[in-house]
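Q: whatever this is, show me its structure:
(chains A and B)
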Amino acid sequence: MDALEVRELSNDRPPRVGHRANRAMTPSVVPGSRTALVVAAMGGDDVAFTRLAQADAADAYRVAYVLLGSSADAQEVTQEALLRAWLQLPGLRDPERWPAWFRRIVVNAARDRLRSTRRRAELPLFDMAAADAHELLTTAAADRDQLRRAIAHLSGDEQTVIALHYGADLTLLDVAEALRIPVGTVRSRLDRALEQLRRHSGDLR
Amino acid sequence: MKPSNDLDTVLRDLYRDVADAPLPPHFWDTWPERLPRRRARATWSLVAAAAASVTVALVVGAVTWWALGARPPSTVTGGPTGVDTTKPAAPGSLAAAPDRLTARSSESPSSSANATAARSPAPASTESPAASPPDEIPATVDGQPVLIGRVMDAHAAAAADASPFLVGGILGWIIAHCFVPEDFPKSPLIVPCDDGTLLYPSDIAALGFHGGVRVVLEGTPPARHGLRWPGDRLVVLKVHVHDPRARACPGEYRERCDRAIVVDELVWAPPESQVPTPVPTPSPSPVDGAWPDGIPTAVKSQKVLRGDTLRAYLLEVPDDTPFLIGGSAGTGLDRCVDGPVLPDPFFKSCMRCDAGSLVRTSCSVPGSR
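A: Next comes the predicted model:
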């Protein structure tokens, strides 16, 4: 599979299915689509799954990276999540739900990693190796550094919500789905986190 | 969210470096050539539904029977392991398993037989033990994923602490031939040849020695866990790495000790009725106090075990008393004796075997290198 094909698959996101009635509908599987790959992979087609993995690994890596703050950890978690997904794929009830389902596996794998490494107190969203050294000389950079430290003081759940919403650019609904919590809980955690960030980061409003 | 607009912008900027980072191209270098085998759910959905129906019927029947004043049978053998599920499970025993099985185990083709095992025992498989595929291994136990093969390797390598995880495969037991350094540590976590109890992701015969991963089954020969000679049992084990005892290993061995996969508990095994009978390997018959290849049948009045006699002994090892085993270099069995030793003609070394842990220590042989 060439790069272009991967990109097409990445952009070919199925529409969000938000209602139970819609989920119950039989999806019309377009040959070559992501759903077709999911269906084939569910049936044990590892080539189809590899194509699916190639299409979605970048998104998974980004989610893992913002949660873990380390490229190396994010790569390992992405691999682990893909393999978990392969093994658990027969349990996916609706192939159309693959993106959300897989994202949830990625988030769970990343959170497991965070728990196991007990690195919560570190700055999870900042990879020193990737930082621009010159940036540290600027005022804006100082603010950002202050904000990073403030984020590090948030609870793990609040950090996760912040990272997924602002880092992985997920909607509150997506975050709720990924964490398997009500969207109201996501909103309250986010509000609480932002309030603390405003308080801790001084000049920032 | 209006009041936090500035903060929103700063936060998005803050994550931009990370969020825009592309997936490194070398990511795919470690992607497995072949994905771990699994059973497609759809294939067995009907079987699973049937098994679920039978299970529900049995439960309803038992409840009804109880309500009518009759005692249910004291032993229920319909669980996945075919053991008494009415008694508390001993730690590490097979009886601990039945209630924990979920997911694929309940969907496996064997589970329909399990549900009715109390009435009609499943037919014994005629498959060779080495040919047993790991398809029957449950995908999860107690909601925890069962890791197999490369997934297990990756997880063990990435584990940062001694948190337990579940691994599955075919358990084998191999004694290998290797040079034993004089300073090899006496740690229960490692053995010189990385042999002993190995967990295979699939067909042992096809993979050979290097296809398995050594697991530390401490102080207890597999027989005590209800396991038999190599490859006859699919298992799910609760294991951990980063065992605290690794800290006692000397420097150059520390990492190896740290990576050792230590078995905490056997959490699942298939029903006894489905365990294939091991295929015996013919052993040479001793003639005049020696095997045909010249290895003595006894040393200082202590019997040298090999072949079937060794296997039979390993199934019933009474304690940790050292014992002697014999064999020819290159056939898979090494010369391994306790006390005065037979020199190894190939490596000019020797080993000492302890029955329980298979820990071997080197011993000096005059003229050895």
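Q: tell me which element B:Y253 falls in.
A: Using DSSP states H and E, B:Y253 sits within helix B:251-259.
Q: does any bit of the helix or strand just after that helix sit next to chain A?
A: Per DSSP H and E, helix B:251-259 leads on to strand B:261-268 as the next helix or strand towards the C-terminus. No - using CB under 8 Å from any CB of the partner chain, strand B:261-268 never reaches chain A; the gap is at least 15.9 Å. C-betas here are computed from N, CA, C, even on glycine.
Q: what packs against strand B:261-268?
A: Where contact means 3 or more CB pairs under 8 Å, 6 or more residues apart in numbering or on different chains; DSSP states H and E, strand B:261-268 is packed against strand B:165-174, strand B:213-216, strand B:233-240.
Q: burial measure for B:S163, as a count.
A: 12 (other CB atoms under 10 Å in any protein chain shown).
Q: and it, what element?
A: Applying DSSP H and E, one finds B:S163 in no helix or strand.
Q: surely it touches B:V239?
A: No - B:S163 is not in contact with B:V239 according to CB atoms under 8 Å; the separation is 10.4 Å.
Q: quick revisit: using a markdown table, lay out the helices and strands packed on strand B:261-268 together with mean pLDDT and distance to chain A.
A: Below are those laid out as a markdown table (pLDDT from 0 to 100; distance: least, CB to the nearest CB, whole Å):
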| stretch | mean pLDDT | distance to chain A |
| --- | --- | --- |
| strand B:165-174 | 80 | 10 |
| strand B:213-216 | 83 | 16 |
| strand B:233-240 | 84 | 12 |
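Q: what's the closest of those strands to A:W98?
A: Closest approach to A:W98 among these is made by strand B:165-174 (25.2 Å; CB to CB).
Q: give me the sheet partners of that closest one and which way each runs.
A: Sheet pairing of strand B:165-174 (DSSP bridges) gives strand B:144-147 (parallel), strand B:196-200 (antiparallel), strand B:233-240 (antiparallel).
Q: CA atoms of it as PDB?
A: Only the C-alpha atoms of strand B:165-174 are listed here, as PDB (Å, rounded to 0.1, in the frame of the first residue of the first chain):
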ATOM      1  CA  PHE B 165       0.100  -9.700  33.600                       C
ATOM      2  CA  LEU B 166      -1.300 -12.700  31.800                       C
ATOM      3  CA  VAL B 167       0.500 -14.700  29.200                       C
ATOM      4  CA  GLY B 168      -0.700 -17.700  27.200                       C
ATOM      5  CA  GLY B 169       0.800 -20.400  25.100                       C
ATOM      6  CA  ILE B 170       2.000 -24.000  25.100                       C
ATOM      7  CA  LEU B 171       4.200 -24.900  28.000                       C
ATOM      8  CA  GLY B 172       7.200 -27.000  27.100                       C
ATOM      9  CA  TRP B 173      10.200 -28.100  29.000                       C
ATOM     10  CA  ILE B 174      13.600 -28.300  27.500                       C
END
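Q: torsion angles phi and psi at the residue lying closest to B:A290 once chain neighbours are set aside?
A: Counting by CB to CB, 6 or more residues apart in numbering or on different chains, B:A290 lies nearest to B:P296, which is 5.3 Å off, once chain neighbours are set aside. As for B:P296, its main-chain torsions (degrees, to the nearest 10) stand at phi -70, psi 150.
Q: give me the number of residues near B:S301?
A: B:S301: 5 surrounding residues under other CB under 10 Å.
Q: quick check: B:R259 vs B:D153, distance?
A: As for B:R259, its distance to B:D153 is 10 Å (criterion: CB to CB, to the nearest Å).
Q: same question for A:V39.
A: A:V39 is 29 Å from B:D153, by CB to CB.
Q: state which helix of chain A is the longest.
A: With secondary structure taken from DSSP state H, chain A has its longest helix at helix A:46-68.
Q: past that one, which element shows up next along the chain?
A: For helix A:46-68, the following helix or strand on the C-terminal side (DSSP H and E) is helix A:71-88.
Q: what is that next one packed up against?
A: Counting contacts by 3+ CB pairs under 8 Å, 6+ apart, helix A:71-88 packs against helix A:46-68, helix A:98-117, strand B:144-147, helix B:150-158.
Q: and those as CSV, adding mean pLDDT and distance to A:A74?
A: Below are the helices and strands packed on helix A:71-88 laid out as CSV (pLDDT from 0 to 100; distance: least, CB to CB, whole Å):
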stretch, mean pLDDT, distance to A:A74
helix A:46-68, 89, 4
helix A:98-117, 85, 8
strand B:144-147, 88, 20
helix B:150-158, 80, 12
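Q: between these, which gets nearest to A:L197?
A: Of all these, it is helix A:46-68 that lies closest to A:L197, at 15.9 Å by CB to CB.
Q: does chain B sit close to the closest one?
A: Yes - counting by CB under 8 Å from any CB, chain B is contacted by helix A:46-68 at A:D46, A:F49, A:T50, A:A53, A:Q54, A:A57, A:A58, A:Y61, A:R62, A:Y65, A:V66.
Q: who wins for most neighbours among those residues?
A: In the residues of helix A:46-68 next to chain B, the most neighbours by other CB under 10 Å go to A:Y65, 31 neighbours.
Q: my guess is that one contacts A:E76. True?
A: No - with contact defined as CB under 8 Å, A:Y65 does not count as touching A:E76 (11.3 Å).
Q: give the next helix or strand downstream of the helix or strand bottoming out on mean pLDDT in chain A.
A: In chain A, no helix or strand scores lower on mean pLDDT, DSSP states H and E than helix A:20-24, which sits at a mean of 30. With elements assigned by DSSP H and E, the helix or strand that comes after helix A:20-24 is helix A:34-42.
Q: report pLDDT for the residue of chain A found nearest chain B.
A: Here the residue of chain A nearest chain B is A:P90; by CB to the nearest CB that distance is 2.8 Å. Per-residue confidence (pLDDT) for A:P90: 84.
Q: tell me which residues touch the closest residue to A:A58 other than its chain neighbours, please.
A: Distances taken as CB to CB, 6+ apart put B:L23 closest to A:A58, at 4.5 Å, once the chain neighbours are dropped. When the contact criterion is CB atoms under 8 Å, 6 or more residues apart in numbering or on different chains, the partners of B:L23 are A:A57, A:A58, A:Y61, A:Q75, A:T78.
Q: so does the helix holding B:Y253 get close to chain A?
A: No - judged by CB under 8 Å from any CB, helix B:251-259 makes no contact with chain A; its nearest approach is 15.0 Å.
Q: in that helix, what counts as buried?
A: For helix B:251-259, a neighbour-count test (16 or more other CB atoms under 10 Å in any protein chain shown) marks B:Y253, B:C257, B:D258, B:R259 as buried.
Q: same list (the residues you listed) but as a markdown table, adding distance to A:R84.
A: Output for the buried residues of helix B:251-259, formatted as a markdown table (distance: CB to CB, whole Å):
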| residue | distance to A:R84 |
| --- | --- |
| B:Y253 | 32 |
| B:C257 | 28 |
| B:D258 | 24 |
| B:R259 | 22 |
